[in-house]
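**Student:** Generate coordinates for the sequence data below:
(one chain, ligands or ions: 1)
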Amino acid sequence: MRFPLYRPRRLRQNARLRALVRETELSVDHLVMPLFVREGTKVRKPITSMQGQFQLSVDQAVKEAGQALKLGVPAVILFGIPDKKDEKASAAYDSNGIVPKAVRALKKELPELIVVTDVCLCEYMSHGHCGVVRKSFRGREAVIDNDASLTLLAKAALAYAEAGADIVAPSDMMDGRVGAIRAALDKTGFADTPIMSYAAKFASAFYGPFREAAESAPQFGDRKTYQMDAANAEEALREVALDIEEGADIVMVKPALAYLDLIWRVKEKFGYPVAVYNVSGEYAMIKAAAQNGWLDEKQAVLEMMTGFRRAGADIILTYWAQDLARWLKT
Ligand code: PBG
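**Tutor:** Just a heads-up that it's a prediction; the model follows:
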C-alpha cells in the first residue's frame, strides 16, 4: 500500500472538519433561473410536467425575477412563447416580440439583474423545429436549411441585444451560428455582448417537459439532424472548439446528469467558462420522486448541484435556482 498511515475517516469526524477540507463550493452566484414568458398581464399558468414552474406574463416575470434577485440569484434566462407562430419565426426577431418586451421590462425594473436570452427558433416556428424547414423529410429525416436559419438567428440575437439583453445564448445547434451572431453583434455596436453558446447540446429525451412548457415540440420528425448523438464525446469537443473559434465566451453542456464526463473534458481541454443546463426532465424526475416521498428533494438537489460543480461547471442553469438560494442561506 502506498499510504499505510492514511485513514481518510480522521477528517470526517465532525461537520467543521468536513467543511475545512471540502473541495467544492456551491453558491448562489453561479445560478441562472429559466423563465417562460408569454403575452398578457397577470398570467401565471402552471406547467403540469414541471411542478412549481409557470408560464408568466411580463409583469409576473418581473415579479419572479425580483424575488429571485433579492434571494441572491444573479441571472435569468428567458424563453418566449409567442401568440403567433409561422414558418419564418417572425416573432423571434420582432423588436416588439415577447422576449424583447420582457428584456426591456426586466432591465428597467431590475437593472442589476443579468438577463440572458435563449436564441432559438423552435418556439416561434409553426412546425416547432429550431431552423428553417425546406421540406419536411428526406427519407425519415427532417430537412433543415442551415444557412437560411443563421440569418434569422442573428436577427433574433440582435433584437435581444438591442432590447438590453446582457448575454445571448444560441441553443439551435445550426453550424456556424455563433460566428453569424458574433458578426451581427459586432457590426451594430454590440461587441461587448457576450455569447453563451449551447455548444454540446444533445438530442435528449430529458427535454420532454420543456417542450410542454415552451409549446415547442416538433410537429414532425425529431431534432436528431441538428442536436448531437448521445454517444459522441469527441464530436462534442469539436463542437465546443468550433464555437470558441467563432467567438463564444461561455460554452454549455446540455443536459447535465448524463453528460458529466463532458463538463469535465470541456473544462480540462479549453479552460473556458463552462455552463451546464440541468434540464426539465432532470427537474421533473426529482420532483416526482420527492412528491412520492421517495427521496429528500433538498438533499438530492444539493448533491446533484455539487456534482456539477465538482465536474467543472462554473454556471448552472436550473429551475431550482430560487429554492437553492433559500437552502444555501440556512
Ligand atoms: C430550445 C431549447 C430547448 C431547451 C432549451 N432550449 C428544447 C429543445 O431543444 O428541444 C431544453 C431545456 C429543458 O429541457 O429544460 N431549442
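**Student:** Next up, the contacts around the closest residue to residue 50 other than its chain neighbours.
**Tutor:** In space, and not counting its chain neighbours, residue 50 is closest to residue 209: 4.9 Å by C-beta to C-beta, 6 or more residues apart in numbering. Yep, even glycine has a C-beta here, placed from its N, CA and C like the rest. By C-beta atoms under 8 Å, 6 or more residues apart in numbering, residue 209 lies in contact with 47, 49, 50, 280, 281, 283, 284.
**Student:** Nearest residue to residue 103 in space, please, no chain neighbours.
**Tutor:** residue 163 (4.0 Å).
**Student:** I'd guessed that neighbour sits against residue 98; true?
**Tutor:** No. Look at residue 163 against residue 98 with C-beta atoms under 8 Å: they stay out of range, at 10.8 Å.
**Student:** Show me what counts as buried in the helix or strand where the residue nearest to residue 50 lies.
**Tutor:** Element membership of residue 209 [criterion: DSSP states H and E] is helix 208-213. By neighbour count on 16 or more other C-beta atoms under 10 Å, the buried set for helix 208-213 is 209, 210, 211, 212, 213.
**Student:** hey, where'd the helices end up in this protein?
**Tutor:** 15-20, 58-71, 90-93, 98-109, 146-163, 177-186, 208-213, 234-246, 260-270, 280-291, 297-311, 321-329 (DSSP state H).
**Student:** Quick one: neighbours of the residue in the stretch 1-150 of the chain that the ligand sits nearest to, just the number.
**Tutor:** Residue nearest to the ligand within the stretch 1-150 of the chain: residue 120 (4.0 Å; C-beta to the nearest ligand atom). Using other C-beta atoms under 10 Å, residue 120 is surrounded by 28 other residues.
**Student:** doesn't residue 321 make contact with residue 53?
**Tutor:** No. With contact defined as C-beta under 8 Å, residue 53 does not count as touching residue 321 (11.0 Å).
**Student:** and the helix holding residue 209, how far from the chain's centre?
**Tutor:** Averaging C-alpha positions (C-alpha atoms, centre = their mean, to the nearest Å) puts helix 208-213 13 Å from its chain's average.
**Student:** In terms of packing, which of residue 163 and residue 98 has more residues around it?
**Tutor:** Legend: neighbour count by other C-beta under 10 Å for residue 163 and residue 98, higher for residue 98 (26 against 21).
**Student:** can you tell me which residues contact the closest residue in space to the more buried one that isn't next to it in sequence?
**Tutor:** Leaving aside its chain neighbours, residue 98 sits nearest to residue 80 (4.1 Å; criterion: C-beta to C-beta, 6+ apart). Applying C-beta under 8 Å, 6+ apart, we find residue 80 in contact with 37, 38, 91, 92, 97, 98, 99, 102, 123, 124.
**Student:** What residues does the fourth one make contact with?
**Tutor:** Right, the one you point to is residue 92. Per C-beta under 8 Å, 6+ apart, neighbours of residue 92: 80, 82, 99, 120, 121, 123, 124, 152, 155, 156, 159.
**Student:** Pick out whichever of residue 53 and residue 321 has more residues nearby.
**Tutor:** residue 321 (25 against 21).
**Student:** OK, contacts around the more buried one?
**Tutor:** So residue 321 contacts 28, 31, 32, 33, 68, 73 (C-beta under 8 Å, 6+ apart).
**Student:** re the thing from before, now, among the buried residues of helix 208-213, which is nearest to residue 197?
**Tutor:** residue 210 (18.3 Å; C-beta to C-beta).
**Student:** Verify the contact between the closest one and residue 277 for me.
**Tutor:** No. Contact between residue 210 and residue 277 fails when scored by C-beta under 8 Å: they sit 9.8 Å apart.
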